[in-house]
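[1] below are the sequence and a predicted model for it; my questions follow.
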Amino acid sequence: MPPAGAASSPRLVWDVSELGESLLTALFPHLAGLRVHRVEDIVHTVVISASCRAGGASCPRCGQESARVHGGYSRVIADGAAGGRPVLIVLQVRRFRCGNPGCTAVTFAEQAAGLSERYRRRSVPLLGMLAGFGLELAGRAAARLAGTLGIAVHPATVLRLIAAAGEPEVAAAPEVLGVDDFALAKGQVYGTVLVDMRTGDVIDLLPDREAASFEAWLTAHPGATVICRDRAGNYAEGARAGAPDAIQVADRWHLWHNLAEYAGKTVAAHRGCLKDQPGGDAPGPADTLEQEPPGQAEGVQVPPDGFLDACGRERRLVARTRERYAEIRGRLDAGESLSGISRATGLDRKTVQRFARAGSAEELLGKATSRESKLDDFTPYLRQRWNDGVTDAAALHAELREQGWAGSEQTVRRYVRPFRQALAAPDPAPAVPKPRQITRWLLTRPDHLQEDEQAQLQAIRARCPHIDALAGHVTAFAEMMTARTGSRDLESWLAAVEADDQAGLRSLAAGIRNDQQAVTNGLTLHWNSGMVEGTVNKIKMIKRQMYGRAGFDLLRKRVILHPA
């Protein structure tokens, strides 16, 4: 107990008894090998004076035990905070003489096991704690967290502790290895992450995503029997060269994502079919789509669709696309390269490549002519006002501007021009669903759709044979992927797609043919790259914590040592 009247003193000193020492050892386990002499409360700091119990120490160079004391000194070691106050351990250190004549060390200082290390001013537990903060939060956030606990540390010190932390040595690759790329600088520099698929631990990070780097790593770390990857060609090539006996498994999520992309392109290309509602159809599910304006069925005026303007003339976009397609196809047939055509026509090389890959001009025009218009949200209001008797385009345009419309008056004139040939504007009707919405319905389990969504999808399939065929292919692929019957059903699915006229799906099928064995494995085995994708997301989080300024070495250390 402190002496009487000590409560008003700025410095309190307790001589530690045997019982007190046992209590301190329970609270500070790393003091177990020390003899604690006293504890001082100096303003906002707790100071513990202690010395080593052992009678001798081992020379750090030759390892020989010595009990010959040469001298001693006091060493101050910062420890973890207690009650929000910093703790300092004043350690009485002895310097011993080394009794080995062949040792270069004449004298050496003893170290308290589990507490002190050479050249360290912080205790071993405190260093481990700060390194753990750094692995989770990086430098500045870790330093702020330590400050709230009563531990003063600079952010650069935290980063140095991370860099100095040891990492597990990898002599062999895990039996099931996952590989994927991640962005060091998005769109410019990419690296590779390697994951143990059984434990989720990150094995290594490579500074690029080249096949040669992956091959070299596999060669230096043999043992992988299954390699889970996406459909990137570099990893497929590296795996074949570095681990030729390993089974390559293409990730199912990437396959489904690729299918969704091509399905979206097909829906966008054929969305125009859904606007050509013929007059006189019996009411039914198809009535959820746009109805034909009165007067058009009688041939009063040519309806303006995606290829025609309001006057029935071919739109400039359509004519220009047809001309460019014919020119590019002609140059390709003449043997010109894509780069040469790009220079000759003044078009971007990617644009030329898109024209070259298209099977026809209509395929290119599908998405461009069926895209949404900024006026779509205002068309019900325009039709209502027209039926109310407001037929002046300028007046309608002024009203739209008050509601937030920023388009031109000419756009309004083109829209209401067909109404002048009819008795009245058609009643507002639900618009054709957007391509993204239709694609979502196609890719969703039927029992997960609402009744009205199922009805609209059935109406869409009835109106467009291409979308109906697409839905069949998507359903067949989903059933094969869910039941993992790729070894039995993939070949028949590819044959059905190749026999169809779906240009997008045929392109997907051609890509699968180039990697068919890995795709078959992905649609048959239970392994997939979901764990690797989660790791990539964690890498993004770690990068953001360091505000994108982390070098590869620091990032690699944080990712590898971060808990799975």
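    Structure's in. What do you need?
[2] what residues of stretch 394-413 count as buried?
    396-397, 399-400, 405, 411-412 (16 or more other Cβ atoms under 10 Å). Backbone N, C-alpha and C define where each C-beta goes, glycine included.
[3] quick one, strands of the protein?
    11-15, 34-42, 45-52, 57-58, 65-66, 69-82, 85-97, 107-109, 176-185, 189-196, 202-206, 226-229, 247-250 (DSSP state E).
[4] looking at the ones you listed, which is buried most?
    Of the strands of the chain, the one with the most neighbours on average (mean count of other Cβ atoms under 10 Å) is strand 226-229, at a mean of 25.
[5] residues touching that one, excluding its own?
    Contacts with strand 226-229, where a contact means Cβ atoms under 8 Å, 6 or more residues apart in numbering, come from 175-180, 197, 235-236, 239, 243, 246-251, 518, 525, 527-529, 532.
[6] restricting to C-alpha, output that strand in CSV.
    Provided in CSV are the C-alpha atoms of strand 226-229 (Å, rounded to 0.1, in the frame of the first residue of the first chain):
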residue,chain,number,x,y,z
VAL,A,226,-5.9,-28.2,-59.4
ILE,A,227,-5.6,-24.6,-60.6
CYS,A,228,-8.7,-22.4,-60.4
ARG,A,229,-8.6,-19.4,-62.7
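[7] so for that strand, mean pLDDT?
    Strand 226-229 carries an average pLDDT of 93.
[8] partner strands of that strand and their direction?
    Strands that pair with strand 226-229, judged by DSSP bridges, come out as strand 176-185 (parallel), strand 247-250 (parallel).
[9] residue 75 and residue 58: what is the separation?
    According to Cβ to Cβ, to the nearest Å, residue 75 and residue 58 sit 18 Å apart.
[10] where does pLDDT dip in the stretch 151-300 of the chain?
    With pLDDT under 70 as the threshold, the stretch 151-300 of the chain has low-confidence stretches at 272, 275-300.
[11] once you drop chain neighbours, what's closest to residue 181?
    Among residues not flanking residue 181 along the chain, residue 209 sits closest, at 4.3 Å (Cβ to Cβ, 6 or more residues apart in numbering).
[12] OK, contacts around the one you found?
    181, 190-192, 232, 234-235.
[13] and which of the residues you listed is nearest residue 122?
    Distance to residue 122, by Cβ to Cβ, is smallest for residue 191 among those, at 32.6 Å.
[14] just list whatever residues bridge to the closest one.
    residue 182.
[15] any weak-confidence spans in the stretch 301-450 of the chain?
    For the stretch 301-450 of the chain, the stretches with pLDDT under 70 are 301-315, 363, 366-373, 422-423, 425-431.
[16] can you show me the helices along it?
    Assigned by DSSP state H, counting those that start in this stretch, the stretch 301-450 of the chain shows helices spanning 316-333, 338-345, 349-357, 361-369, 379-387, 393-402, 409-416, 435-443.
[17] residue 67: what's it in contact with?
    Residue 67 touches 55-56, 96, counting by Cβ under 8 Å, 6+ apart.
[18] could you save those residues as JSON lines and add columns showing distance to residue 226?
    What follows is the contacts of residue 67, written out as JSON lines (distance: Cβ to Cβ, whole Å):
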{"residue": "55", "distance to residue 226": "56"}
{"residue": "56", "distance to residue 226": "54"}
{"residue": "96", "distance to residue 226": "55"}
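[19] before we move on, back to that, farthest pair in the buried residues of stretch 394-413?
    Taking Cβ to Cβ, no two of these sit farther apart than 399 and 411, at 13.9 Å.
[20] apart from its neighbours in sequence, what residue is nearest residue 406?
    residue 374 (7.9 Å).
[21] next up, the contacts around that neighbour.
    405-407.
[22] what separation do you get for residue 348 and residue 339?
    From residue 348 to residue 339 the distance is 11 Å (Cβ to Cβ).
[23] do residue 233 as well
    22 Å.
[24] ditto for residue 522
    Counting by Cβ to Cβ, the gap from residue 522 to residue 339 is 35 Å.
[25] before we move on, what about residue 455?
    Residue 455 sits 50 Å away from residue 339, going by Cβ to Cβ.
[26] tell me which of those two has more neighbours.
    Per other Cβ atoms under 10 Å, whichever of residue 455 and residue 339 has more neighbours is residue 455, with 16 against 10.
[27] I'd like the distance between that one and residue 449.
    9 Å.
[28] number of nearby residues for the residue nearest to residue 361 when sequence neighbours are not counted?
    Leaving out its chain neighbours, the residue that sits closest to residue 361 by Cβ to Cβ, 6+ apart is residue 325, at 4.2 Å. Counted with other Cβ under 10 Å, the neighbours of residue 325 add up to 19.
[29] was I right to think residue 325 contacts residue 365?
    No - Residue 325 lies out of contact with residue 365 (Cβ atoms under 8 Å); the separation is 9.1 Å.
[30] thinking again about what came up before, got the contact list for the residue nearest to residue 361?
    355, 358, 360-361, 364.
[31] separation between it and residue 362?
    Distance from residue 325 to residue 362, counting by Cβ to Cβ: 9 Å.
[32] what's the answer for residue 164, then?
    Taking Cβ to Cβ, one finds residue 164 at 64 Å from residue 362.
[33] more neighbours, the two?
    Comparing residue 164 with residue 362 by other Cβ under 10 Å, the one with more neighbours is residue 362, at 16 against 10.
[34] tally of neighbours for the closest residue to residue 105 other than its chain neighbours?
    Closest residue to residue 105 apart from its sequence neighbours, by Cβ to Cβ, 6+ apart: residue 61 at 4.6 Å. If you count neighbours by other Cβ under 10 Å, residue 61 ends up with 12.
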